[in-house]
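Enquirer: build the 3D model from these lines:
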Amino acid sequence: MARLAPHTLLLALFVFLFGSCTAQNCTTNNLQVTYPAPVAADGWEYRLISTGLTAPRSIVFDSTGGLLVLDAGVGVRRLTLQDNGGTCLSVTANATLIADTALNHGLAISADGGTIYASTVNDVYAYTYNEQTNTVDPTTRRTVVTNMTNTDHVTRTLLLSSRLPNELLVSRGSAANEDPQARNVTSGHSQIRAYDISTLAATDPPFDFVAGTLIGWGLRDSVGVGENPTNGGIWSVENSVDDLTREGVDVHQDNPGEELNFHGILGNTANQGGNYGYPDCYALWSTAGFPDLGALEVGDQFASDNATAGVTDATCNTNFVDPRLVFQAHVSPLDIKFNTNGTTAYITFHGSSDIVSVAFGLNGQPTSPMDSTTAANNILTSPDLTQCPDDCFTPVGLTFDTIGRLFFSSDSTGEIFVLQQSADDGNGDG
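Expert: Numbers count the residues shown, from 1 in each chain. Predicted coordinates:
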């Protein structure tokens, strides 16, 4: 075996520890990751800005520039940031706004900045938030949506619409890998629903989950829910089934694909309330060696071995809503956020330790065809997946600040990062 020169070894070690090259000089933040540093794509740079959190999930900015973090098992924190431009940010204060160990994922803030919404497995709570003093009075807590408890998938993603600011969307997952109750729309399992919170008077009881407007069902675990700012289109990213067989053959390594699903526009019933197939039908990612492939192509739906009697590949593709795009199996997408002009959606892949982008056109739809296997473009990746998940970043929540920088959380490492496009080749200062 050829021996590497000392300078080559040093360069390899530098890339391993600090990413593909050094980001902008930042004297106020010298944080570094303690694992192989993520690698940014050409034209991007990132920086670690916060450590020591428990399990940061959803994140959102308040109107005064504070970063609100749903820290699972802790509550809601507010991080005060010192901004020296670019990715040179650091945390100068970390305050617990809401102490509640049952809060586990969902977080949103009202358009006027006066109400914070956060979720447990069973409830969505609303809290009065004073942005001038950066405080929450815990006695103001009110339950606005309830009756969501089930096992297995216990996160309840929250999205407040920008197009219709009083509409609160809540995503609820399944109670099992293949949950038979999800076939019954009245169960509430594997659904996204919306609630007009302006209609909830102070003395009213909370909405029952199944009383909300049905946005979509047959969605195993659509943790990521986002709104295209240009037309108000609602999109979700689906974590599909594990351990799948097809005609008794194990196909779980590359199937089914994770999904990008379209749910129409709030206030318009077109493309809204459809059944996306779970637990009877799944989306095809890899056609290689797929049993009884027939005419199926990437993105088509196929019947599960455990499907209801009479459900076939043909009925899967005629009776249910197809995904708009599919992604590699088991990448576990957990959030989706659009840039301000709606030309790009950013998605966190928790399972494969990636952040990717998907291009959108002026029509509010992805530019890639439904059968594409290259629609997701890597923005930030782990350099060595053999070290994952124990020694990798695991991206969860995304949010933009007012100048377009993209922030993300990593729950397993307890960290927050900032990511932005740069004029140089891809780089990072992990």
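
Enquirer: who's in contact with residue 373?
Expert: 285, 298, 326 (C-beta atoms under 8 Å, 6 or more residues apart in numbering). Yep, even glycine has a C-beta here, placed from its N, CA and C like the rest.

Enquirer: among these, which are located in strands?
Expert: residue 326 (DSSP state E).

Enquirer: among the contacts of residue 373, who's most crowded?
Expert: residue 326 (30 neighbours; other C-beta atoms under 10 Å).

Enquirer: which per-residue confidence value corresponds to the residue lying closest to that residue once chain neighbours are set aside?
Expert: Of all residues not flanking residue 326 in the chain, residue 257 sits nearest, at 3.2 Å (C-beta to C-beta, 6 or more residues apart in numbering). Listed pLDDT for residue 257 reads 99.

Enquirer: got it, and residue 426?
Expert: 49.

Enquirer: also residue 288?
Expert: So residue 288 comes in at 97 (pLDDT).

Enquirer: how about it, secondary structure?
Expert: Following DSSP: H, G, I helix; E, B strand; the rest coil, we place residue 288 in the coil state.

Enquirer: how many neighbours does it have?
Expert: So residue 288, with other C-beta under 10 Å, has 9 neighbours.

Enquirer: which stretches of the chain form helices?
Expert: 6-18, 313-319 (DSSP state H).

Enquirer: between the ones you listed, which gets the lowest average pLDDT?
Expert: Mean pLDDT is lowest for helix 6-18 among the helices of the chain, at a mean of 42.

Enquirer: what pLDDT does the nearest residue to residue 122 once chain neighbours are set aside get?
Expert: The shortest distance from residue 122 to any non-neighbouring residue, by C-beta to C-beta, 6+ apart, is to residue 149 (4.3 Å). Here, the pLDDT recorded for residue 149 equals 98.

Enquirer: cool, and residue 25?
Expert: 89.

Enquirer: now it: how far from residue 357?
Expert: According to C-beta to C-beta, to the nearest Å, residue 25 and residue 357 sit 27 Å apart.

Enquirer: before we move on, what about residue 332?
Expert: For residue 332, the distance to residue 357 - C-beta to C-beta - is 17 Å.

Enquirer: so which of those two has more stuff around it?
Expert: Counted by other C-beta under 10 Å, residue 332 and residue 357 do not tie: residue 332 has more neighbours, with 23 against 19.

Enquirer: confirm for me that the more buried one is in contact with residue 239.
Expert: Yes - at 5.4 Å, residue 332 counts as touching residue 239 under the criterion of C-beta atoms under 8 Å.

Enquirer: quick check: neighbours shared by the two?
Expert: residue 258.

Enquirer: re the thing from before, OK, contacts around the residue nearest to residue 326?
Expert: Contacts of residue 257 by C-beta under 8 Å, 6+ apart are 240, 282-285, 298-299, 323, 326-329.

Enquirer: I'd like these as a markdown table, with pLDDT appended.
Expert: Shown next, in a markdown table, are the contacts of residue 257 (pLDDT from 0 to 100):
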| residue | pLDDT |
| --- | --- |
| 240 | 98 |
| 282 | 99 |
| 283 | 99 |
| 284 | 99 |
| 285 | 99 |
| 298 | 99 |
| 299 | 98 |
| 323 | 99 |
| 326 | 99 |
| 327 | 99 |
| 328 | 98 |
| 329 | 98 |
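
Enquirer: can you report phi and psi for residue 155?
Expert: Note on residue 155: its backbone torsions stand at phi -80, psi 150 [degrees, to the nearest 10].

Enquirer: grab the nearest non-local neighbour of it.
Expert: The nearest residue in space to residue 155 (C-beta to C-beta, 6+ apart) is residue 105, at 3.7 Å.

Enquirer: what of residue 382?
Expert: residue 353 (3.9 Å).

Enquirer: so how far is residue 330 from that neighbour?
Expert: With C-beta to C-beta as the criterion, residue 353 and residue 330 are 12 Å apart.

Enquirer: more neighbours: which of the two?
Expert: Here residue 353 and residue 330 are compared on neighbour count by other C-beta under 10 Å; more neighbours surround residue 353, at 27 against 19.

Enquirer: give the contact list for that one.
Expert: 38, 381-382, 385, 388-389, 392-395.

Enquirer: one more time with 7 Å
Expert: 382, 385, 388, 392-394 (C-beta atoms under 7 Å, 6 or more residues apart in numbering).

Enquirer: what's the closest of the residues you listed to residue 189?
Expert: Comparing the contacts of residue 353 against residue 189 with C-beta to C-beta picks out residue 394 as the nearest, at 25.6 Å.

Enquirer: I figured the closest one was touching residue 412, is that so?
Expert: Yes - assessed by C-beta atoms under 7 Å, residue 394 is found in contact with residue 412 at 4.3 Å.

Enquirer: so which of these two has more stuff around it?
Expert: More neighbours surround residue 394 than the other of residue 394 and residue 412, with 22 against 19 (other C-beta under 10 Å).

Enquirer: OK, contacts around residue 98?
Expert: Applying C-beta under 7 Å, 6+ apart, the residues contacting residue 98 are 75-76, 118, 127, 136, 138.

Enquirer: rewinding a little: touching, the residue nearest to residue 122 and residue 123? I think so.
Expert: No - with contact defined as C-beta under 7 Å, residue 149 and residue 123 do not form a contacting pair (8.9 Å).

Enquirer: since that was my last question, I'll sign off now.
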